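Trainee: A predicted structure for the sequence below; I have some questions about it.
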Amino acid sequence: MAVREILLYPKDRTALRAKSHPIHNFNRQTKHLIEDLKETMLAHYDGIGLAAPQIGVHSRVVIVCLGARNEWDHEAGTPTALVDPEIIESDDERKDFDGCLSFPGLYGETIRPHYLRVTGIAEDGKPFDRILAGFDAVLVHHEIDHLDGILFIDRIESLDDLYRVYMDGNGKPVRVPISEIVPTIRLTDMAE
């Protein structure tokens, strides 16, 4: 399979906003999609999750690397597919780091559950029922949002929660709020 280009916002707004369709038959085409998603995500070294809509396919499939402590943790586990994931329970909502391969260089603080119970189909075609906690829950919630046409910028409460990261003179990362970079931008401008 060839590595696909990740859809960047706002180049193709409708593609990232469309709801995805369930996988009715777990077949060879589903397995090819899973492999395509894995290869595409691994080609982007800073990614730990990717949803099918981000490569232009509106099927309910996501790839996640569980075990990360945050979005920049490159020690996360191997890519795992979740097919038709459904959130059965969620709890412990609080602010945490958020970022997205479809918004390169843009990060934010969003409120997401840190406890999830998720059901679906594993990449071996068998049903699963998993409990996810901490950043794993944040990651899976973010990817499931993609399947419903919801982007992380939709969960930003204030422009002060949206930022870019730059390196200072000592090589340390510094968060610079978007409101300082583009003082006249509004959250509604980002979501349109």
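Mentor: Yep, it's here.

Trainee: report all helices and strands that the longest strand seen in the chain contacts.
Mentor: Ranked by residue count and defined by DSSP state E, the top strand of the chain is strand 80-99. Packed against strand 80-99 by the contact rule (3 or more Cβ pairs under 8 Å, 6 or more residues apart in numbering; DSSP states H and E) you find helix 28-42, strand 61-64, strand 107-122, helix 135-147. C-beta coordinates here come from the backbone N, C-alpha and C atoms, glycine included.

Trainee: how does it look with 10 Å?
Mentor: Under the contact definition 3 or more Cβ pairs under 10 Å, 6 or more residues apart in numbering; DSSP states H and E, strand 80-99 sits against helix 28-42, strand 49-51, strand 61-64, strand 107-122, strand 127-133, helix 135-147.

Trainee: quick one: which of these is nearest residue 5?
Mentor: Nearest to residue 5 among those is helix 28-42 (8.2 Å), distances taken as Cβ to Cβ.

Trainee: tilt between that closest one and strand 107-122?
Mentor: Put simply, helix 28-42 runs at 150 degrees to strand 107-122, going by axes from the mean of the first three to the mean of the last three Cα atoms, to 10 degrees.

Trainee: how far is helix 28-42 from where the chain is centred?
Mentor: The chain centroid and the centroid of helix 28-42 are separated by 16 Å, computed with Cα atoms, centre = their mean, to the nearest Å.
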